[in-house]
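A.B. asks: The following comprises the amino acid sequence and a computationally predicted model.
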Amino acid sequence: MGDEDWEAEINPHMSSYVPIFEKDRYSGENGDNFNRTPASSSEMDDGPSRRDHFMKSGFASGRNFGNRDAGECNKRDNTSTMGGFGVGKSFGNRGFSNSRFEDGDSSGFWRESSNDCEDNPTRNRGFSKRGDNDLDPDECMQRTGGLFGSRRPVLSGTGNGDTSQSRSGSGSERGGYKGLNEEVITGSGKNSWKSEAEGGESSDTQGPKVTYIPPPPPEDEDSIFAHYQTGINFDKYDTILVEVSGHDAPPAILTFEEANLCQTLNNNIAKAGYTKLTPVQKYSIPIILAGRDLMACAQTGSGKTAAFLLPILAHMMHDGITASRFKELQEPECIIVAPTRELVNQIYLEARKFSFGTCVRAVVIYGGTQLGHSIRQIVQGCNILCATPGRLMDIIGKEKIGLKQIKYLVLDEADRMLDMGFGPEMKKLISCPGMPSKEQRQTLMFSATFPEEIQRLAAEFLKSNYLFVAVGQVGGACRDVQQTVLQVGQFSKREKLVEILRNIGDERTMVFVETKKKADFIATFLCQEKISTTSIHGDREQREREQALGDFRFGKCPVLVATSVAARGLDIENVQHVINFDLPSTIDEYVHRIGRTGRCGNTGRAISFFDLESDNHLAQPLVKVLTDAQQDVPAWLEEIAFSTYIPGFSGSTRGNVFASVDTRKGKSTLNTAGFSSSQAPNPVDDESWD
Ligand SMILES: Nc1ncnc2c1ncn2[C@@H]1O[C@H](COP(=O)(O)OP(=O)(O)OP(=O)(O)O)[C@@H](O)[C@H]1O
């Protein structure tokens, strides 16, 4: 196996992922049982009924791409409760169908949590806690070295030791690293992209060949330009303060006309329903048009994708780009990298929309799909390549992509990519043979959060005179999201969740949990409660992930239980509620998660369960985020915030928790986790990304 096994997510362990609910583990000492029927082989069989379901659910027709009027299908179908759920191998077809969670099973379930993390001292110190709970052997391996220097072992010295170490051990044996988000890395990362790529996708992979070919998105113009309406608060964006730092920043533009884009682009903008620029677009578009490098930070759902796509396309059009044709080696002008498959797909759809009617061809490639399919997409022509880091490096290694013509490199959710350990891959990318130096290309980084430390490191990718645009409070939550924090202990969470979901009715809701297993568990539980639910997380096959997203997007399952894999970037119409069943380990992640609602001027609600046993470290940054977003802060939370000692947190709870400035200004501020940068744990160290 090559040093990096980007496809290992779908190795035998992963592709046949079945939530393992060993009776022993889930039988509480107090006698609570967690009865489950072991999955029989027939249950696991991807039989005709399942395939039928795919077809019926519109998956095969590609409906899961693009937007549709939510009103069409935003009905919770209680009669087919298991409908969207049973399709996933992880659920109904794999051992869950006959199982029933008995009364009192919660302690059985939660016992797992406590075994895995509650004793974890790091958690109480406020360090990143994720991963302790979701200890897939693969996840317990560390990516070593890398851009950010040494990483603490995920589990060393934490928790009760037993579980972690044994699992960690098995991870070592397999030499795999899994987690973070979606891509899988093995070995130490030394030039690994190359050897993996040379080794091929499956030739040196022990698992089955990845055969999944995502359905093509609909080609008709209506689907390409389908969009949802901006919300009542869209105009309020104008009042958001914007800070640009760096030298000689070009002035902001106020209208699309001022951008002087070509007619085709203007037509596409109009067809997309854009009439007014959002603040990040007002500032970023002229900066990018002027050829400057940019690090931009703007609130979730405020149009960052168009902020980089439009000026890049404008440049391409202006430069008279030639239509790319079939060639074994394609040399795109632009590469856009993002951390998750779903996000990269979404960016691709936006690129396809804005390049409609031009000769610019956008292509998307991501892990969990057949490598041959990615190659076939590329060789047909490629000007803009949207890719996840792993698949990108594979394709480069296979010499299907040459980098000589790259003029634009975009890192979306850049902080996350670096923070989650893709720094080495990004470094390899920029030092790949043929890749123009940073002086010769334009590099753009976007995110809603940019902790100081990451800012500093990210700057290695940019020219020294890059501009930094901060729209509103960097790392701040979108004010259009009404945030509520409830004190809910582990044992009461499920009951509370059901109560809230019943009150919510048919409104589209994302429920975030901390671990993959819990995502399966909660989704199953909700289905049994007759709340039509699906789930998305990194142990689900890509096909299932896309199915889940489609079922959620089109209202078949109005509840989506997700790990942080869905926290960033996903732009789904009409998500009215986000529920943090488990709070994430960092406040950044919280901001991204709740940003799945309240997008583009629409309003949304976020409810978070705050567990006094495990979430106290978030109290301070949470108070800060709530205050900045002009939300009510519960007195109890403020009290915890004041009384909780966090090393390095010297200010009041209303102090400067965020790196709210361009780090080149030299201010030493606290990062978004509420730690001083030097003390801040890298969330990757401890977390299981999804
Ligand atoms: N100027 C505009 N007018 C109308 N709609 C817009 C405009 N700009 C963006 N949108 C729409 O707003 C939605 C959110 O945009 P986008 O996904 O780019 O946000 P984002 O800032 O990248 O969010 P996140 O931080 O969550 O990734 C999309 O549906 C997009 O099409």
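C.D. replies: It's in. This one's a predicted model, so the numbers in the text were calculated from it and none came from an experiment.
A.B. asks: pretty sure Ile336 contacts Thr388?
C.D. replies: No. With the criterion set as CB atoms under 8 Å, Ile336 and Thr388 do not qualify as a contacting pair; they are 10.5 Å apart. To be clear about C-beta, it is placed using only N, CA and C from the backbone, and glycine gets the same treatment.
A.B. asks: Now for these two: what residues contact both?
C.D. replies: Taking CB atoms under 8 Å, 6 or more residues apart in numbering as the criterion, Ile336 and Thr388 both touch Val344.
A.B. asks: How many residues are close by the residue of the stretch 301-450 of the chain found nearest the ligand?
C.D. replies: When you check the stretch 301-450 of the chain against the ligand by CB to the nearest ligand atom, the closest residue turns out to be Gly303, at 2.8 Å. Residue crowding around Gly303 was assessed by other CB atoms under 10 Å; the count is 26.
A.B. asks: From Tyr237, how far off is the residue nearest to it when sequence neighbours are not counted?
C.D. replies: Nearest non-adjacent residue to Gly303, counting by CB to CB, 6 or more residues apart in numbering: Thr278, 3.9 Å away. Taking CB to CB, to the nearest Å as the measure, Thr278 falls 5 Å from Tyr237.
A.B. asks: list residues touching both of those two?
C.D. replies: Ser302.
A.B. asks: ok so, going back, list the residues that contact the residue nearest to Gly303.
C.D. replies: Neighbour list for Thr278: 234, 237, 298, 302-303, 307, 600 [criterion: CB under 8 Å, 6+ apart].
A.B. asks: His577 now?
C.D. replies: 504, 507-510, 597, 604-607.
A.B. asks: Just to check, the residue of the stretch 301-450 of the chain closest to the ligand is in contact with Gly601?
C.D. replies: No. In this structure, Gly303 sits apart from Gly601 without contact. The criterion is CB under 8 Å, and the distance is 9.9 Å.
A.B. asks: got a pLDDT number for the residue nearest to Gly303?
C.D. replies: In the predicted model, Thr278 carries a pLDDT score of 95.
A.B. asks: CA atoms only: put the stretch of helix or strand Phe308 belongs to into PDB for me.
C.D. replies: Assessed by DSSP states H and E, Phe308 sits inside helix 304-318. Presented in PDB, the C-alpha positions along helix 304-318 are these (Å, rounded to 0.1, in the frame of the first residue of the first chain):
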ATOM      1  CA  LYS A 304     -17.800  33.400  -0.200                       C
ATOM      2  CA  THR A 305     -18.000  30.900  -3.100                       C
ATOM      3  CA  ALA A 306     -19.100  33.500  -5.700                       C
ATOM      4  CA  ALA A 307     -16.600  35.900  -4.200                       C
ATOM      5  CA  PHE A 308     -13.800  33.900  -5.600                       C
ATOM      6  CA  LEU A 309     -15.400  32.200  -8.500                       C
ATOM      7  CA  LEU A 310     -16.700  35.300 -10.300                       C
ATOM      8  CA  PRO A 311     -13.400  37.200 -10.500                       C
ATOM      9  CA  ILE A 312     -11.500  34.000 -11.400                       C
ATOM     10  CA  LEU A 313     -13.900  33.400 -14.200                       C
ATOM     11  CA  ALA A 314     -13.800  37.000 -15.200                       C
ATOM     12  CA  HIS A 315     -10.000  36.800 -15.500                       C
ATOM     13  CA  MET A 316     -10.200  33.600 -17.500                       C
ATOM     14  CA  MET A 317     -12.700  35.200 -19.900                       C
ATOM     15  CA  HIS A 318     -10.600  38.300 -20.200                       C
END
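A.B. asks: Show me which parts of that helix are buried, residue by residue.
C.D. replies: 304-317 (16 or more other CB atoms under 10 Å).
A.B. asks: What residues does this protein have near the ligand?
C.D. replies: On the criterion CB under 6 Å from any ligand atom, the ligand has as its neighbours in the chain the residues 227, 230, 273-274, 276-278, 281, 298, 300-306, 448, 569, 571, 595, 599-600.
A.B. asks: Val364 belongs to a strand?
C.D. replies: Yes. According to DSSP: H, G, I helix; E, B strand; the rest coil, the state of Val364 is that of a strand.
A.B. asks: residues touching it, list them.
C.D. replies: Under the criterion of CB under 8 Å, 6+ apart, the contact partners of Val364 comprise 344-345, 347-348, 377, 385-387.
A.B. asks: Show me the two of those residues that sit farthest apart.
C.D. replies: In the contacts of Val364, the most distant members under the criterion CB to CB are Ile347 and Gln377, with 14.8 Å between them.
A.B. asks: Neighbour count: those two, which is higher?
C.D. replies: Set Ile347 next to Gln377 and count neighbours by other CB under 10 Å: Ile347 wins out with 26 against 23.
A.B. asks: In terms of pLDDT, where does the more buried one sit?
C.D. replies: The predicted local confidence for Ile347 comes out at a pLDDT of 97.
A.B. asks: any idea how far it is from Ala641?
C.D. replies: Distance of Ile347 to Ala641, given as CB to CB: 36 Å.
A.B. asks: coming back round to it: got CSV for the contacts of Val364, with secondary structure too?
C.D. replies: Compiled in CSV, the contacts of Val364 are given as follows (three-state DSSP):
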residue, secondary structure
Val344, helix
Asn345, helix
Ile347, helix
Tyr348, helix
Gln377, helix
Leu385, strand
Cys386, strand
Ala387, strand
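A.B. asks: Show me what the mean pLDDT comes to for stretch 631-644.
C.D. replies: Averaged across stretch 631-644, pLDDT comes to 93.
A.B. asks: Now tell me what touches that stretch from outside.
C.D. replies: Contact partners of stretch 631-644, identified using CB under 8 Å, 6+ apart, comprise 126, 482-483, 485, 487, 610, 612, 616-617, 619-620, 622-623, 626-627, 653.
A.B. asks: mean confidence score for the helix or strand containing Asn268?
C.D. replies: Applying DSSP H and E as the criterion places Asn268 in helix 263-271. Confidence over helix 263-271 (mean pLDDT, whole number) is 97.
A.B. asks: packing partners for that helix?
C.D. replies: Applying 3 or more CB pairs under 8 Å, 6 or more residues apart in numbering; DSSP states H and E, one finds that helix 263-271 makes contact with helix 221-225, helix 304-318, helix 341-354.
A.B. asks: Dihedrals phi and psi, Arg502?
C.D. replies: With angles defined as degrees, to the nearest 10, Arg502 shows backbone torsions of phi -70, psi -40.
A.B. asks: give the contact list for it.
C.D. replies: Applying CB under 8 Å, 6+ apart, one finds that Arg502 lies in contact with Ile531.
A.B. asks: Just the pLDDT at it, thanks.
C.D. replies: 97.
A.B. asks: For Asp293, see how far away it is.
C.D. replies: Note on Arg502: its distance to Asp293, by CB to CB, is 50 Å.
A.B. asks: about what we covered before: just the closest of the contacts of Thr278 to Gly372, please.
C.D. replies: Within the set of the contacts of Thr278, Ala307 lies nearest Gly372; the separation is 33.9 Å, counting by CB to CB.
A.B. asks: excluding its backbone neighbours, what's nearest the closest one?
C.D. replies: Nearest to Ala307 is Ser284, by CB to CB, 6+ apart, at 4.1 Å.
A.B. asks: Same question for Tyr590.
C.D. replies: Tyr590 sits nearest to Pro584 (CB to CB, 6+ apart), 5.4 Å away.
A.B. asks: Kindly report the same for Gln299.
C.D. replies: Using CB to CB, 6+ apart, the closest residue to Gln299 is Cys478 (4.7 Å).
A.B. asks: Three-state assignment for the one you found, please.
C.D. replies: coil.
A.B. asks: Which residues are in contact with it?
C.D. replies: Taking CB under 8 Å, 6+ apart as the criterion, Cys478 is in contact with 299-302, 594-595, 598-599, 629.
A.B. asks: and the residue of the stretch 301-450 of the chain closest to the ligand, what are its phi and psi?
C.D. replies: When read as degrees, to the nearest 10, the backbone of Gly303 gives phi 90, psi 40.
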